[in-house]
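Peer 1: My questions are about this predicted structure, shown below with the sequence.
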Amino acid sequence: MDIFLIIIGLIFCILGIIGSFSPIIPGPITSWVGLFVIHFSSIIPFDIQFLIITFLVAVSIFIIDLLIPIIGLKKFGGTRKGLIGATVGLLIGLFLAGPIGLIGGSFMGAVSGEYTSNKSLKKSLKPAIGTFIGIISGTIIKFLVATLFLVLYFYLVYTNLFS
């Protein structure tokens, strides 16, 4: 049973890294589930403080990832229509072209949304760039945290299994 839990934990940690590039799978939270699962094995000692801290990190990153594109859009002079356009473009782009469509779709959606606010194309590009920077920043942060959780997973398994 312990080996099964360790394998399931690894799968969740890897899914978390993949989820860092997708808005459908919450990357760090999924990776945290991998850490949580291995604590049910008899090999890894249960450490509630470790689980609480890593959970708070995962949830914080999830919330920050939602806010960063909004902050980027607002910082660069965007409007509510630009935010709605970026969100719709993000979802459409993801389903049409995967992770690349996610970036392009959100950018094009932000441009379209801003353009409908009676802005010129030139003025619509600036907030779209802010959204783009926000999405890229959020993705990088999610990837780093999910990778850190995978490293913690390997550390916990290695130190408790081989020592």
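Peer 2: It's in. Numbering: from 1, shown residues only.
Peer 1: So which residues of this structure form helices?
Peer 2: 2-19, 27-38, 48-75, 80-115, 121-161 (DSSP state H).
Peer 1: Please identify the buried residues of the fourth one?
Peer 2: It stands for helix 80-115. Buried residues in helix 80-115, counted by 16 or more other Cβ atoms under 10 Å: 81-83, 85-94, 101-115. Heads up, the C-betas are built off the backbone N, CA and C, glycines and all.
Peer 1: for it, packing partners?
Peer 2: The contact analysis (3 or more Cβ pairs under 8 Å, 6 or more residues apart in numbering; DSSP states H and E) places helix 80-115 against helix 48-75, helix 121-161.
Peer 1: Repeat that for the first one.
Peer 2: The criterion is 3+ Cβ pairs under 8 Å, 6+ apart, and the helices and strands that helix 2-19 contacts are helix 27-38, helix 121-161.
Peer 1: for the helices of the chain, which one ends up most surrounded?
Peer 2: helix 27-38 (a mean of 24; mean count of other Cβ atoms under 10 Å).
Peer 1: Tabulate the CA atom coordinates of that helix in PDB.
Peer 2: Output in PDB follows, covering the C-alpha atoms of helix 27-38 (Å, rounded to 0.1, in the frame of the first residue of the first chain):
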ATOM      1  CA  GLY A  27      -0.800  23.400 -10.400                       C
ATOM      2  CA  PRO A  28       0.600  24.100  -6.900                       C
ATOM      3  CA  ILE A  29      -2.600  22.800  -5.200                       C
ATOM      4  CA  THR A  30      -2.400  19.600  -7.300                       C
ATOM      5  CA  SER A  31       1.300  19.200  -6.300                       C
ATOM      6  CA  TRP A  32       0.300  19.700  -2.700                       C
ATOM      7  CA  VAL A  33      -2.200  16.900  -2.900                       C
ATOM      8  CA  GLY A  34       0.800  14.700  -3.900                       C
ATOM      9  CA  LEU A  35       2.600  15.700  -0.700                       C
ATOM     10  CA  PHE A  36      -0.500  15.100   1.300                       C
ATOM     11  CA  VAL A  37      -1.000  11.600  -0.100                       C
ATOM     12  CA  ILE A  38       2.400  10.400   0.800                       C
END
